[in-house]
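> build the 3D model from these lines:
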Amino acid sequence: MAILVPSILSADFTKLGAEVAAAASAGADRIQVDVMDGHFVPNISIGSLGVAAVRRATNLPIEAHLMITDPARYVDDFLRAGADIIIIHWETVEDPHELLAYIRKNGKKAGLAISPDTPVAAFSDLLLAADMFLVMTVHPGFGGQELIPETLGKVTKLRSMLNANAVLADIEVDGGISALTAPVAIAAGANVLVAGSAVYSHPDGAAAGMKHLRAACG
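Sure, this is the predicted structure:
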């Protein structure tokens with residue numbers, strides 16, 4: 001069964017605790033907090049305080065997706081805030097091995113992401129260095145975008161790479177995931193799906209959005 005991860009980027013921040021609880025009650029597996037610095041991506045969002053707020057609202061695992069230029073400078077903040085999985089971008093570090101190992105050393109899961117313009121070959125010497133690999137299916141920085149179909153070919157290639165090396169790491173996709181695109185992403189080889197608008201912009205609320213998405217995943 002696919003792991004479903006609602007992103008609070010699309011949530012109503014005036015009732016964040018209730019939004020997190022609604023998704024959790026409807027079967028969310030964990031919650032994602034998107035962290036943007038206005039430098040690596042052309043948008044600014046919340047930081048470690050946002051992770052701490054979500055931590056107070058749920059017992060579900062929390063992903064901190066660091067779309068920031070210097071993740072090593074801030075990773076301790078997210079560890080202290082209560083993140084269970086910390087995702088860094090391949091494009092933001094010269095050699096991800098050390099930072100990924102540091103995250104693991106501190107008892108958390110390490111994730112490594114690539115943006116749509118980065119080839120999946122970027123992961124080739126890092127297959128054992130991370131617990132999860134995130135293939136961005138939109139250009140990072142804004143919610144509500146449509147999935148870029150070409151990115152799913154990267155998911156399939158990555159799944160083949162992991163299988164060929166007997167690596168059991170997760171493959172996550174993030175961007176444009178909905179009831180229509182989720183089955184296609186799963187067929188391509190993803191087993192962790194992040195959804196923001198599909199959950200939190202659902203006309204009947206986050207719980208209904210989660211249930212609709214779960215039903216689509218089979």
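
> which outside residues touch the longest helix seen in the chain?
In the chain, with assignment by DSSP state H, the single longest helix is helix 151-164. Here helix 151-164 makes contact (C-beta atoms under 8 Å, 6 or more residues apart in numbering) with 114, 116, 119-120, 123-124, 127, 133, 135-137, 167-169, 171, 173, 175, 184-185, 188-190. Backbone N, C-alpha and C define where each C-beta goes, glycine included.

> so which residues of the chain form helices?
Counting by DSSP H, the helices of the chain are 16-25, 48-57, 71-81, 97-105, 151-164, 182-188, 197-200, 206-217.

> packing partners for the last one?
So that's helix 206-217. When contacts are defined as 3 or more C-beta pairs under 8 Å, 6 or more residues apart in numbering; DSSP states H and E, helix 206-217 packs onto strand 3-6, helix 16-25, helix 182-188, strand 192-195, helix 197-200.

> and if we set it to 6 Å?
The helices and strands touching helix 206-217, judged by 3 or more C-beta pairs under 6 Å, 6 or more residues apart in numbering; DSSP states H and E, are helix 16-25, helix 197-200.

> buried deepest among those, which one?
Greatest average neighbour count among the helices and strands packed on helix 206-217 goes to helix 197-200 (a mean of 24), per mean count of other C-beta atoms under 10 Å.

> quick one: contacts of it?
By C-beta atoms under 6 Å, 6 or more residues apart in numbering, the residues outside helix 197-200 that reach it are 6, 10-11, 23, 143-144, 178, 206, 209-210, 213.

> ok, the residues you listed vs residue 110, which is closest?
Within those, proximity to residue 110 (C-beta to C-beta) peaks at residue 6, which comes in at 21.3 Å.

> burial of the residue lying closest to residue 179 once chain neighbours are set aside, as a residue count?
Spatial nearest neighbour of residue 179, excluding adjacent residues (C-beta to C-beta, 6 or more residues apart in numbering): residue 216 at 3.7 Å. Here the number of neighbours of residue 216 (other C-beta atoms under 10 Å) works out to 18.

> tell me the pLDDT of residue 216.
We have a pLDDT of 96 for residue 216.

> where's it relative to residue 103, distance?
Relative to residue 103, residue 216 is positioned 32 Å away (C-beta to C-beta, to the nearest Å).

> kindly report the same for residue 96.
Counting by C-beta to C-beta - residue 96 and residue 103 are separated by 10 Å.

> do the same with residue 145
27 Å.

> out of those two, which sits in the more crowded spot?
More crowded of residue 145 and residue 103, by other C-beta under 10 Å: residue 103, with 23 against 15.

> about what we covered before: so the residue nearest to residue 179 is in contact with residue 180, correct?
No - in this structure, residue 216 is not within contact of residue 180 by C-beta atoms under 6 Å, at 7.5 Å.

> need the contact list for residue 1.
Going by C-beta under 6 Å, 6+ apart, the list of residues near residue 1 is empty.

> can we see that at 10 Å?
Contact partners of residue 1, counting by C-beta atoms under 10 Å, 6 or more residues apart in numbering, are 27, 29, 186, 191, 214, 217-218.
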